[in-house]
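In: need the 3D shape of this:
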Amino acid sequence: MPKAHALPSATIDPQLLAGLRACADGARLAILRLLAEDAYSVQELGTILGLGQATVSHHLKALVDVGLLRQQRDGTHRFYRRAQRPSPPGPGDRTFAALFEELDGAPLGPALEAGVAQVIADRGARSRAFFERNAEAFEASQDLIALPDRYLPVLTEWLPARGPKALEIGPGLGEFLPALLGRFDTVWAVDRSEEMLRRCAQRLAKDGDALPHFHCGAFEQLNGQEAAARDHRVVVLAMVLHHSQTPAALTRAAVRALAADGELLIAELSPHEQAWVGDACGDLWLGIAPEDQDRWAQDAGARLQERQFLTLRNGFQIHLSRYARPQAPLGTAEARR
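Out: Next up is the predicted model:
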C-alpha cells in the first residue's frame with residue numbers, strides 16, 4: 001500500500017498541533033467555553049459537567065499543558081481560567097482566537113446552565129451566610145487587611161465636585177457613603193446581605209449622616225431595578241470583588257450601570273497567598289488580578305484611566321482603578337469635573 005503524503009513537519013507549529021489535539025474532546029470544549037467568563041475549581045467543574053473530579057483533572061491538565069488554561073491557587077483550592085492569547089498573535093493564535101470566538105457565541109444549553117447556576121448559588125449562599133453571621137464583627141475583620149482610611153481618600157479625590165446620581169455596591173458599614181451623599185443628588189447602596197445594610201443604616205444614622213436609598217440583592221441580577229439603571233455618574237466597588245461569587249459579571253454589571261459620562265471606581269486586593277482571609281473575612285478569592293479586572297471592564301465598554309497601588313505592612317497590596325466609558329471626556333482633572 002502506498003504511503004500517504006504529508007506536510008513537512010516544519011510547516012505547522014508544534015504548539016498549534018498540540019493545542020488542536022487537546023481540544024479534540026467535547027468535555028474540553030465545554031470547559032473552554034465555561035472558563036471564558038469565570039474561574040472554577042475542579043469540584044465546581046465536576047458539578048457543572050456531571051463528571052468525576054479525576055476525569056475533570058485529566059481534562060484540565062491537558063488544556064493547561066498546551067497553554068489554553070491558566071491556574072491560580074486560592075487557599076487549598078486551584079481555580080482555572082482561560083488563558084489570554086498573546087498580542088500580537090503568534091503561530092496558531094489566530095486559530096485559537098477563531099475557536100474561542102466560535103465557542104463564546106455558542107449557548108451553554110440547559111444542563112450546563114443549570115450546573116453553573118448551582119455553583120454560583122452555592123458560592124452566594126456561603127458568602128451571605130458569612131456576612132449574616134459576622135456582620136457585627138465585620139469592621140474588625142476588615143481591619144485585619146486594610147483600614148478604609150488607607151484607600152478611601154484616593155477614591156474621594158477621583159469624585160466629581162457634583163453629580164446627579166451615584167451608586168456603591170457592597171458599601172460595608174457605609175464608610176464611603178458620606179462622601180457620595182455630600183456630592184450627589186441621589187445615592188444608592190446595594191448589598192446582598194440585609195443584615196449588613198441594616199448595620200450600615202444604623203451607623204450612618206448614629207453619626208448624623210443622611211441616608212442613601214438601600215436595595216438588598218445581588219447587583220448583577222437587578223434587571224429593571226432603579227438601582228441598576230444606566231444613569232449613574234459614578235459607581236463604586238470598594239474591596240468588594242474578592243467577596244463576589246462572580247467578580248467578572250459584577251464588574252460588567254457595574255460598567256453597564258454608568259451614564260454616558262460615568263466612571264467606575266474600584267479598590268481591590270491584589271492576588272496574595274494569605275488563605276486565612278477566607279475564614280476570617282469571608283473572602284471567596286485571594287485577591288483579583290488587575291489585568292483580569294481591566295479585561296472585564298473593557299468587555300463592558302470601559303477603559304482604565306489611572307491606577308495607584310498601595311502596599312501595606314501586613315503583606316497585602318491594594319490596587320485602585322478609575323475606569324471611564326470611551327465617549328466620556330477623559331484624562332484630566334478638569335474633564336472629570
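In: drop to CA atoms for contacts and neighbour counts, all remaining ones
Out: Noted.
In: residue nearest the centroid of the protein?
Out: With distances taken as CA atoms, centre = their mean, the residue of the chain nearest its centroid is P247 (2.4 Å).
In: could I get the pLDDT score of the closest residue to it other than its chain neighbours?
Out: Among residues not flanking P247 along the chain, L241 sits closest, at 5.2 Å (CA to CA, 6 or more residues apart in numbering). L241 is assigned a predicted lDDT (pLDDT) of 95.
In: and N223, by the same measure?
Out: We have a pLDDT of 68 for N223.
In: I'd say the residue nearest to P247 and P290 touch.
Out: No: the criterion here is CA atoms under 8 Å, and L241 misses it with P290 at 11.4 Å.
In: between the two, which is the more surrounded one?
Out: More crowded of L241 and P290, by other CA atoms under 10 Å: L241, with 25 against 18.
In: in stretch 270-277, which residues are buried?
Out: Buried residues in stretch 270-277, counted by 16 or more other CA atoms under 10 Å: 270-272, 275, 277.
In: then stretch 64-74?
Out: Using 16+ other CA under 10 Å as the test for burial, stretch 64-74 gives 64, 66-71, 73-74.
In: show me which positions of stretch 309-317 end up buried.
Out: Neighbour counts using 16+ other CA under 10 Å place 316-317 of stretch 309-317 among the buried residues.
In: thinking again about what came up before, the buried residues of stretch 64-74 in helices, which ones?
Out: Judged by DSSP state H, helices contain the following of these: V64.
In: which of the buried residues of stretch 64-74 sit farthest apart?
Out: Set against one another by CA to CA, those have their most distant pair in V66 and D74, with a gap of 22.3 Å.
In: may I have the beta-bridge partners of the closest residue in space to E194 that isn't next to it in sequence?
Out: Closest residue to E194 apart from its sequence neighbours, by CA to CA, 6+ apart: C216 at 5.9 Å. Using DSSP bridges, the bridge partners assigned to C216 are D191.
In: now the helices for the protein?
Out: Under DSSP H, the chain gives helices at 14-23, 26-34, 42-49, 53-65, 93-104, 110-134, 138-143, 148-157, 177-181, 194-206, 247-256, 277-281, 290-299, 333-336.
In: looking at those, which is nearest to G315?
Out: Of all the helices of the chain, helix 277-281 sits nearest to G315, with 12.6 Å by CA to CA.
In: quick check: mean pLDDT of that closest one?
Out: 78.
In: likewise for stretch 307-323?
Out: Computed over stretch 307-323, the mean pLDDT rounds to 93.
In: same check on stretch 131-146?
Out: Averaged over stretch 131-146, pLDDT sits at 70.
In: need the distance between the two termini of that stretch.
Out: 18 Å (CA to CA, to the nearest Å).
In: again with stretch 15-32
Out: Start-to-end, stretch 15-32 (CA to CA) is 17 Å.
In: how many neighbours does E113 have?
Out: E113 has 14 nearby residues by other CA under 10 Å.
In: try Q245
Out: 24.
In: and if you look at P212?
Out: That count, for P212 with other CA under 10 Å as the rule, works out to 22.
In: isn't it up against T186?
Out: Yes: at 7.3 Å, P212 counts as touching T186 under the criterion of CA under 8 Å.
In: okay but the residue nearest to the centre of the chain is in contact with M239, surely?
Out: No: using CA under 8 Å as the test, P247 is too far from M239 to be in contact (11.4 Å).
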